[in-house]
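A.B. asks: The sequence and its predicted three-dimensional model are supplied below.
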Amino acid sequence: MPVRLAASAEMLFRDLPFVDRVRRIHELGFEVEIWDWSTKDLSELAATGAIFSSMTGYLRGDLTTPHGIAELLATAEESLRAAELIDSPRLNLHGTGLDPNGFPVVPHDVVTGAEWLIAADTLSRLAELGERAGRVFTLENLNTAVDHPGTPFARAEDTLALVSAVDSPGLRLNLDLYHAQIGEGNLIELVRRAQPWIGEIQVADVPGRQEPGTGEINYRAIGDALAAIAYDGVVGLESWASGSSDDALDAFRRAFA
């Protein structure tokens with residue numbers, strides 16, 4: 001089976017009202033990713049007939065502090081209820097809450113061993129929530145050099161370590177190859193190692209976070225590697241468009257055809 005392709009309505013067709021972005025991406029044959037569901041009219045989005053790939057799985061909180069854990073779990077439950085309205089199968093998480101600019105609400109550069117254990121326990125509790133609801137929480141890796149400085153548990157190695165330690169069908173990786181290229185590189189080997197725990201893959205080129213073909217990542221080779229491991233899940237374009245959004249989606253489709 002070929003991969004399924006999705007695209008971010010947050011980053012493409014930005015001249016259109018949000019519901020029209022969703023409708024346009026759907027009309028072009030892609031699944032749709034959204035971010036903060038609390039700012040959207042979910043009934044209006046559901047009425048578009050779009051297939052939703054993923055949405056944000058929390059509103060506030062973190063993985064390690066008592067107050068942050070309580071907020072994370074509470075807003076994750078809210079997010080699960082919201083996911084029912086658009087039937088989003090995956091709900092995305094980060095190592096901590098992020099502000100509207102993508103910066104951690106409480107920067108945290110050094111993570112202790114005790115915090116690793118607490119984070120794994122928190123993620124286990126989230127995985128249980130996901131399993132009971134028939135949905136999957138995905139933990140996304142981020143880069144700290146360009147977009148998300150000070151975010152804990154950010155590297156792909158970090159997210160892979162946590163998700164594999166929990167090892168639950170209610171928790172998987174949102175493996176973002178744009179972030180991984182900036183932070184670590186060696187993307188094809190990363191995909192191979194992470195395969196058992198991948199819930200979704202996201203892509204954009206480096207530098208610039210634009211569509212495949214605008215930077216240094218050989219996404220055709222990555223597409224071949226995904227075929228070699230029989231990956232048939234979602235690959236999502238989470239990028240800005242270097243020109244028109246239609247052209248960006250055409251380039252994305254060609255990279256994974």
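C.D. replies: Cool, the structure landed.
A.B. asks: okay, CA-based contacts and neighbour counts for the rest of this
C.D. replies: Will do.
A.B. asks: I figured Tyr231 hits Val191, correct?
C.D. replies: No: using Cα atoms under 8 Å, Tyr231 is not in contact with Val191, being 9.8 Å away.
A.B. asks: residue contacts, Thr48?
C.D. replies: Val19, Val22, Arg23 (Cα atoms under 8 Å, 6 or more residues apart in numbering).
A.B. asks: Can you flag which of the residues you listed belong to helices?
C.D. replies: Among the contacts of Thr48, DSSP state H puts Val19, Val22, Arg23 in helices.
A.B. asks: Let me see the contact set for Trp197.
C.D. replies: Per Cα under 8 Å, 6+ apart, neighbours of Trp197: Leu160, Val163, Ser164, Asp167, Arg172, Leu173.
A.B. asks: Tell me which stretches of the chain form helices.
C.D. replies: Secondary structure of the chain, counting by DSSP H: helices at 18-27, 42-46, 66-86, 113-133, 156-166, 177-183, 187-194, 219-228, 245-255.
A.B. asks: Tell me which of those sits most buried.
C.D. replies: Scoring these by mean neighbour count under mean count of other Cα atoms under 10 Å gives helix 177-183 as the most buried, with a mean of 23.
A.B. asks: Packing partners of that helix?
C.D. replies: Packing contacts for helix 177-183, counted by 3 or more Cα pairs under 8 Å, 6 or more residues apart in numbering; DSSP states H and E, involve helix 187-194, strand 198-203.
A.B. asks: who's in contact with the first one?
C.D. replies: Pointing back at helix 187-194 there. With Cα under 8 Å, 6+ apart as the test, helix 187-194 has contacts from Leu160, Leu177, Ala180, Gln181, Ile222, Ala225, Leu226, Ile229.
A.B. asks: what do you get for the shortest one?
C.D. replies: When contacts are taken as Cα under 8 Å, 6+ apart, the neighbours of strand 198-203 outside the stretch itself are 90, 136, 138, 172-178, 211-212, 233-239.
A.B. asks: Buried ones in that strand, by neighbour count?
C.D. replies: By neighbour count on 16 or more other Cα atoms under 10 Å, the buried set for strand 198-203 is Ile198, Gly199, Glu200, Ile201, Gln202, Val203.
A.B. asks: quick one: Ala251 from Pro212, how far?
C.D. replies: Noted for Ala251: a distance of 6 Å to Pro212, by Cα to Cα, to the nearest Å.
A.B. asks: With Gly199 instead?
C.D. replies: 21 Å.
A.B. asks: okay if I get the helices of the chain as TSV plus mean pLDDT and distance to Asn143?
C.D. replies: As requested, these are exported to TSV (pLDDT from 0 to 100; distance: least, Cα to Cα, whole Å):
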stretch	mean pLDDT	distance to Asn143
helix 18-27	98	27
helix 42-46	98	30
helix 66-86	98	21
helix 113-133	98	19
helix 156-166	98	9
helix 177-183	97	5
helix 187-194	98	14
helix 219-228	96	19
helix 245-255	98	22
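A.B. asks: Looking at those, spot the one closest to Ser53.
C.D. replies: helix 66-86 (9.7 Å; Cα to Cα).
A.B. asks: now the ones in helices among the contacts of Thr48 in JSON lines, with distance to Val106?
C.D. replies: Shown next, in JSON lines, are the ones in helices among the contacts of Thr48 (distance: Cα to Cα, whole Å):
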{"residue": "Val19", "distance to Val106": "32"}
{"residue": "Val22", "distance to Val106": "32"}
{"residue": "Arg23", "distance to Val106": "36"}
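A.B. asks: Many thanks, have a good one.
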